[in-house]
Structures are given as C-alpha cells and as structure tokens.
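> the sequence and its predicted three-dimensional model are supplied below.
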Amino acid sequence: MSKESTTVFNLDPDNFPELSQQEHSHLASMSDKEIDFSDIPETDEAFWSGDDLIRPSKKPVYLCLDEDIANWFKAHGRAYQSQINGILRRYIEAQGA
C-alpha cells in the first residue's frame with residue numbers, strides 16, 4: 001500500500017520568491033497562446049470602471065523615525081516610503097477603521 005504525500009506551499013503575496021534567470025527567460029519567451037489563463041476570471045467593463053481602481057491621494061508629511069527603523073526600510077527597497085505607508089494602512093484596517 002503506497003502512501004500519498006501532499007506538499008503544501010504558503011506564499012506571502014507581498015513577498016514572492018525571486019524568479020531564477022532560467023525561469024525569467026522561460027516566461028519571457030512564451031507567446032500569449034502558451035499562457036494558461038484558465039484560473040483567471042474574465043473581466044468586463046464593470047470591473048474596470050470600479051472606484052477601487054482610484055488610489056487615495058498622497059499627502060506629503062515630514063516624519064521622524066528612529067535611525068535603525070529608517071535604515072532598515074531603506075535597505076529593503078527604493079520605495080521604502082510606500083512600504084511604510086502600506087504597513088500603516090494594514091495596521092489601520094486591522095483596527096477596524
């Protein structure tokens with residue numbers, strides 16, 4: 001009697017693993033006809049006319065951060081201000097606001 005094994009992958013949508021050069025080259029060489037869209041729902045005019053496509057306006061602010069915090073964010077990407085904004089947004093949403 002053989003045992004079935006299941007492999008489970010948990011991916012963080014905000015932190016996907018990097019593609020290897022080989023994977024990137026393979027994907028870049030694919031034609032549109034080779035791409036499997038079967039798991040992607042069709043979109044219509046109603047989808048693209050939604051208000052949720054409008055990003056909230058940004059307001060420039062001056063914010064003092066601890067030096068180690070600022071250095072950590074700067075070391076993890078060029079758009080560190082957007083990362084900080086996203087973290088603050090998720091915090092507010094988690095508070096039920």
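On my side now, so go ahead. What you see is a predicted model, and the numbers here were worked out from it, not measured in a lab.

> going by C-alpha atoms from here, please, whenever you check contacts or count neighbours.
Will do.

> so what touches the longest helix anywhere in the chain?
The longest helix of the chain (DSSP state H) is helix 80-94. Helix 80-94 is contacted from outside by 73-74, using CA atoms under 8 Å, 6 or more residues apart in numbering.

> got the buried residues for that helix?
Y80 (16 or more other CA atoms under 10 Å).

> tell me how far it lies from the chain's centre.
Distance of helix 80-94 from its chain centroid, counting by CA atoms, centre = their mean, to the nearest Å, is 13 Å.

> just stretch 67-82 next, same as before
For stretch 67-82, the distance to the chain centre is 17 Å (CA atoms, centre = their mean).

> and that stretch, what's buried?
Y80.

> centroid residue for the chain?
D14 (3.9 Å; CA atoms, centre = their mean).

> tell me the secondary structure at E18.
coil (DSSP: H, G, I helix; E, B strand; the rest coil).

> so it versus F73, what's the distance?
Distance, E18 to F73, by CA to CA, to the nearest Å: 19 Å.

> same check, this time on M30
35 Å.

> repeat that for S38.
When S38 is compared with F73 (using CA to CA), they lie 37 Å apart.

> thanks again, I'm all set now.
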